[in-house]
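Participant: Got a sequence here, can you model it:
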Amino acid sequence: MDDLARLAALHGVATSYQPAEDVTVRVPERTVREVLGLLGVAAGTPEDVRSALARAEGEAAARLLPATLVHWAGEPLPAALADLPPGTRVLVRPEEAGAEREWGPDLPYGVHRLTAEAPDGRTGTATLIVAPDRAPAAPGRSYGLLVQLYSLLSRRSWGMGDLGDLAELARWAGRTHGAGFLQVNPLHAAVPGTPTDPSPYRPSSRRFPDPVHLRIEDVPEYADCPDREELSRLAEQGAELGRQVLEKGAPIDRDAVWALKRAALERLYAVPRDARREAEYARFRAAGGPALDRHARWAALAERHGPDRSAWPAAAAAEAVVEGDAGPGGAEFHRWLAWLTDTQLVAAQQAAREAGMTVGLIHDLAVGVHPEGADVWAAPGLHAPGTTVGAPPDAFNPRGQDWGLPPWRPDRLAQAAYAPYRQLLRAVFRYAGALRIDHVMGLFRLWWIPEGTPPAEGTYVGYDGEAMLAILVLEAHRAGALVIGEDLGTVEPRVREALSRRGVFGTSVLWFERDWPGDGRPLPPAGWRTDCLATATTHDLPPSAAKLAGEHVELRDRLGLLTRPAAEERAADAADTAEWLGVLDGLGLSVKNEEEAVQALYAFLLATPARLVGVWLPDAVGDRRPQNLPGTWDQYPNWRLPVADGSGRPVSLEGLAASPRAQALLRAVRERAEPRTAPPGARLV
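Facilitator: This is a model prediction of the structure:
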């Protein structure tokens, strides 16, 4: 191994990777040097590399303890502790509360500061994470619904689905159809602007939710607002936005929705809160601490000066101005908005549980944040500048992917004892019965793409996967919530093994489940894993009706997204679909028409041992349009489409509840989800 490769290995930077078992790809040397530079390691010249390597190897040799240690409950001590010189004194101090004490194996779950003093005078410190050996288990088998919240409007919505709709959908799905969970898209705060980036996977902040999801009429001060005439006018304009979507097929206009809601919230902000509400808000503010303050200041500054921070006035002066502004343009207004949104999210989870859902709401944690957003501004040193994350080339994206998200620096995370990550998880778990981790492989490594580098020429940067996983399991345990990892695509075997060992569910999508590295045939029900969320499709894939008809190929052809001739693509897709339909038919499932074939797909999923089975809600009404079409920006209305029927006519929440097709699918799913389901491999009818 040459000096550059040794230096890169010490800092977790890959110099090669394996997209397949028998394929090794070398990372361009230029990329390795640039990524090391982004981590603060000078590697531009051979002299730089030799100097940095000598320093790094010297520090590693002198280190008494690694930066982070993990102790899983009931398992042997970390090797680094067991290998300390005899007579070493080890002290621990819980980070959150408690006095320093001598090391003992009975430490409570949590994060601790560990100090070691060796007899030869050497000392060392480390972050010690003590975690349960597994995340909480699923409370039996259940099925649930998957939906992009903005896409399902009720007649009460102001132009997009809101948290009131979420609670009502949970009540309907739980009480009427016995659903055990309801999974939604990320509800993270977005970057303001016109137009706002509609992608829920490129947020301003992952820690704080977006007030655009508020149900205005459910804010308690609404009933006491003296400006009833103006509120009524705004509500009617909101209803008109909804009619434009539901009756005229207009795309969802998030910016117009927020303009109306913000105007209404300005009026509600002026209404005095009673003593009980004031006390609740004070508790929320105290719990939010400096992170809430920074988020609120950013929101006020971005609203006032735009999201481009280079155009902002001097930071200290600008922050003082918005902090001192007691009106709707100040930081206090945005703290209040965060509180309202948190309150309605907690209420939605409560509604789900009261409706009999065994899991409740499954929230989605995006893999990163917008480079101009609140989280980067609040902790700039935590994110690596001049780089974004994405994915290397694969069968679906031969050019690789650049998601435009700046990554956390693994060294800075470790130096901070993973506090930003812990606080993020704790905030989202507050209103979740389960948490889906988008691109869960990112706990172990992320594909970094230096600025100006094609996505295919990036490289992997490693994180302390055991520490990241331990904190995830710890916070899930504290919340009593499940964890679901989105592990689609190329995943190292060690990653899936680690996730499974710690009770993190995987994600299995029917069309991708084939017998690899075997003959590549569709994986029979008995071959599926148990601890997973099994689905027929996702927000990035065509709805089942479109897949069955091959319409997604025609859509991609029209938009110039195919990487091979259209005739070849059609033939390959038709063969894939026909093979799966043959499997369904062989199990005794009817596929005579589209509606029966969709029901058969979910019957197949329920014949697997998967503990969670998710029904893509648009499938219930025959929707044919994907919510997101990767590889497009303005060529397709990504993240702005309402749920629609097979003819493209939007379907409201009320229309969904009355739909015979939806009722038939959910009735069939519920019947098969009962414990009497036939054993895997048996004929199902």
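Participant: T31 is in contact with E457, isn't it?
Facilitator: Yes: taking contacts as CB atoms under 8 Å, T31 lies within contact range of E457: 5.6 Å. C-beta here means a position set from N, CA and C on the backbone, and glycine is covered the same way.
Participant: and those two? which has more neighbours close in?
Facilitator: Counted by other CB atoms under 10 Å, T31 and E457 do not tie: T31 has more neighbours, with 20 against 15.
Participant: Run a quick neighbour tally on the closest residue to the more buried one other than its chain neighbours.
Facilitator: Distances taken as CB to CB, 6 or more residues apart in numbering put T459 closest to T31, at 5.1 Å, once the chain neighbours are dropped. T459: 26 surrounding residues under other CB under 10 Å.
Participant: Torsion angles phi and psi at T459?
Facilitator: Main-chain dihedrals, T459, degrees, to the nearest 10: phi -150, psi 160.
Participant: Likewise for W408?
Facilitator: When read as degrees, to the nearest 10, the backbone of W408 gives phi -70, psi 140.
Participant: Quick one: the helices in the stretch 401-550 of the chain, in order.
Facilitator: 410-415, 419-429, 465-479, 493-501, 544-549 (DSSP state H, counting those that start in this stretch).
Participant: what's the answer for the stretch 551-685 of the chain, then?
Facilitator: Under the criterion DSSP H, counting those that start in this stretch, helices of the stretch 551-685 of the chain are mapped to 551-558, 566-586, 594-607, 653-658, 660-673.
Participant: Show me which residues of the shortest one are buried.
Facilitator: If I follow you right, that is helix 653-658. The neighbour-count check on helix 653-658 (16 or more other CB atoms under 10 Å) flags 653, 655-657 as buried.
Participant: elements contacting that helix?
Facilitator: With contacts defined as 3 or more CB pairs under 8 Å, 6 or more residues apart in numbering; DSSP states H and E, helix 653-658 has these neighbours: helix 163-171.
Participant: Summarise which helices and strands the helix it packs on is packed against.
Facilitator: On a contact count with 3+ CB pairs under 8 Å, 6+ apart, helix 163-171 meets strand 181-184, helix 331-354, strand 360-365, helix 653-658.
Participant: Only the C-alpha atoms, please, for the last one, written as CSV.
Facilitator: What follows is the C-alpha trace of helix 653-658 in CSV, where atoms were taken according to Å, rounded to 0.1, in the frame of the first residue of the first chain:
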residue,chain,number,x,y,z
LEU,A,653,-59.2,12.1,1.4
GLU,A,654,-63.0,11.9,1.4
GLY,A,655,-63.0,10.4,-2.0
LEU,A,656,-60.4,7.8,-0.9
ALA,A,657,-62.6,6.8,2.0
ALA,A,658,-65.6,6.3,-0.3
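Participant: Work out the gap between it and the centre of the chain.
Facilitator: Centre-to-centre, helix 653-658 and its host chain are 28 Å apart (CA atoms, centre = their mean, to the nearest Å).
Participant: still on that earlier bit, just so I know, which of the helices of the stretch 401-550 of the chain lies nearest A610?
Facilitator: helix 493-501 (13.4 Å; CB to CB).
Participant: low pLDDT regions in the protein?
Facilitator: Residues of the chain that meet the criterion pLDDT under 70 lie in 1, 396, 675-685.
Participant: okay, now the domains of it?
Facilitator: 3-62, 68-131, 139-161+505-685, 181-340 (automatic domain parsing).
Participant: In a markdown table: those, plus distance to A417.
Facilitator: Output for these, formatted as a markdown table (distance: least, CB to CB, whole Å):
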| stretch | distance to A417 |
| --- | --- |
| domain 3-62 | 18 |
| domain 68-131 | 4 |
| domain 139-161+505-685 | 27 |
| domain 181-340 | 15 |
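Participant: Of all those, which one is nearest W403?
Facilitator: Comparing the domains of the chain by CB to CB, domain 181-340 comes nearest, at 7.4 Å.
Participant: measure the closest one end to end?
Facilitator: End-to-end distance of domain 181-340 (CA to CA, to the nearest Å): 23 Å.
Participant: How far away from the center of its chain is it?
Facilitator: Distance, stretch centre to chain centre, for domain 181-340: 21 Å (CA atoms, centre = their mean).
Participant: Now do the longest helix anywhere in the chain: which elements does it pack against?
Facilitator: The longest helix of the chain (DSSP state H) is helix 275-305. Contacts defined by 3+ CB pairs under 8 Å, 6+ apart place helix 275-305 against strand 205-209, helix 315-324, helix 331-354, helix 374-378.
Participant: Now tabulate the ones you listed in a markdown table and tack on distance to I362 and mean neighbour count.
Facilitator: Formatted as a markdown table, the helices and strands packed on helix 275-305 follow (distance: least, CB to CB, whole Å; neighbours: other CB atoms under 10 Å):
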| stretch | distance to I362 | mean neighbour count |
| --- | --- | --- |
| strand 205-209 | 15 | 26 |
| helix 315-324 | 35 | 14 |
| helix 331-354 | 10 | 21 |
| helix 374-378 | 22 | 24 |
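Participant: got CSV for these, with distance to N628 too?
Facilitator: Shown next, in CSV, are the helices and strands packed on helix 275-305 (distance: least, CB to CB, whole Å):
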stretch, distance to N628
strand 205-209, 18
helix 315-324, 34
helix 331-354, 23
helix 374-378, 22
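Participant: pretty sure P94 is touching L114, no?
Facilitator: No: using CB under 8 Å as the test, P94 is too far from L114 to be in contact (10.6 Å).
Participant: follow-up on the earlier one: of all the helices of the stretch 401-550 of the chain, which one is nearest Q635?
Facilitator: Q635 lies closest, by CB to CB, to one member of the helices of the stretch 401-550 of the chain: helix 544-549, at 17.2 Å.
Participant: Just the residues contacting the closest one, thanks.
Facilitator: 511, 536-537, 541, 551-552, 555, 577, 581, 594, 597-598, 601, 616, 619, 622-626, 646 (CB atoms under 8 Å, 6 or more residues apart in numbering).
Participant: go with 10 Å
Facilitator: 510-511, 536-537, 541-542, 551-555, 573-574, 576-577, 580-581, 591, 593-595, 597-602, 615-616, 618-626, 645-646 (CB atoms under 10 Å, 6 or more residues apart in numbering).
Participant: ok, now stretch 20-32?
Facilitator: Looking at what lies outside stretch 20-32 - CB under 10 Å, 6+ apart - the contacts are 2, 4-5, 7-8, 11, 13-19, 34-35, 43, 49, 392-395, 448-450, 453-454, 456-460, 490, 493, 517.
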